[in-house]
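# Here is my input; please provide its structure:
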Amino acid sequence: MSTVQTLRIFLFYLLLSSSAFLWCTLSVFVAPFLPFRARYRFVVQNWCRCATWLAKVVIGIRYEIKGLENIPEQPCVILAKHQSTWETFFLCGFFEPLSQVVKRELLYVPFFGWAMAMLKPIAIDRSNPKAALKQLAKIGHERLGQGAWVLVFPEGTRIPPGQIGKFSRGGASLAVNANLPVLPIAHNAGEFWPKQGWGKTAGTIQVVIGPLMHANGTGPRAIAELNERAFAWVSQAQRDIGSLDAQSPALETPASV
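Next comes the predicted model:
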């Protein structure tokens, strides 16, 4: 990595962390007086868009989106590939309001966690997978009923480019029980913003939004079939953008929702 790129990355993190501290601190005092949608825009959407803008201007990480015509008017369950931190910023800034599955412990972090708690996240106990699934089903259904998108990373953890993790059925189950479709999303953000380390590479991230997928019926079989269909689409889309090895098997990932 060149000295110039190293300096760019340092500047990026300096600006990102400074803006996060200021934004979260301000949000704690302003957000409680705003209705939920305005609160989401103020606390999350604007800052996440700021983060992707900083990545673009300072580091040179741009993005292109395909499949915008597939986004429905009514919010539904988003099943997205997970490779890096970038897609969390992007998706939270692009869809609004959006409720995301987070670790319950994050809500206890001063300022950051307090601000997050006001945004109706789906806070789960990852140490107890069975309880986490029940929490996702109950709280996720409530969020969808309130008109929020629900973002689920079905792999449960960030998987490096070239690989894919098995999909948990939690997101598909939520969609089926709410009688809503899932919206699959593929991307190659991990090639420019890796899971490990601070290093970043300039380039253009490809984001592909797939067609809406509805379940064929109800019950466990319909959930499993919808989940497999979403996994198959994301896998093929990852191959099409060159971010999944041709013969790469699905990896076993930590118990997740």
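
# what about Pro75, distance to Pro97?
8 Å (Cβ to Cβ, to the nearest Å). Placement of C-beta: from N, CA and C, glycine included.

# Need the residues touching each of the two.
Listed as contacting both Pro75 and Pro97 by Cβ atoms under 8 Å, 6 or more residues apart in numbering are 147-149.

# between those residues, which is closest to Asn70?
Trp149 (13.8 Å; Cβ to Cβ).

# Show me what the closest one is bridged to.
Leu98 (DSSP bridges).

# got a list of what it touches?
75-78, 95-99.

# Among the residues you listed, which one sits closest to His214?
Of all the contacts of Trp149, Cys76 has the smallest distance to His214: 9.7 Å, by Cβ to Cβ.

# Next one, pLDDT for that closest one please.
Looking at Cys76, its pLDDT is 97.

# same thing with Ile59?
96.

# For it, grab the count of nearby residues.
For Ile59, the neighbour count with other Cβ atoms under 10 Å is 20.

# Kindly report the same for Leu136.
Using other Cβ under 10 Å, the number of residues around Leu136 comes to 22.

# In three-state terms, how would it be classified?
Secondary structure assignment for Leu136 (DSSP: H, G, I helix; E, B strand; the rest coil): helix.

# From the geometric centre of the chain, which residue sits farthest away?
Largest separation from the mean C-alpha position in the chain: Thr3, at 31.4 Å (Cα atoms, centre = their mean).

# Could I get the phi/psi values of that one?
phi -60, psi -40 (degrees, to the nearest 10).

# let's have the chain start at 787 instead
Renumbered: residue one is now 787, and that last one reads Thr789.

# Distance of it relative to Ile795?
11 Å.

# Can you verify my assumption that Thr871 contacts Gly976?
No. Contact between Thr871 and Gly976 fails when scored by Cβ atoms under 8 Å: they sit 9.7 Å apart.

# And these two? Which one has more around it.
Taking neighbours as other Cβ under 10 Å, Thr871 and Gly976 compare with Gly976 leading, 24 against 16.

# Report the separation between the more buried one and Ser959.
Distance from Gly976 to Ser959, by Cβ to Cβ: 27 Å.
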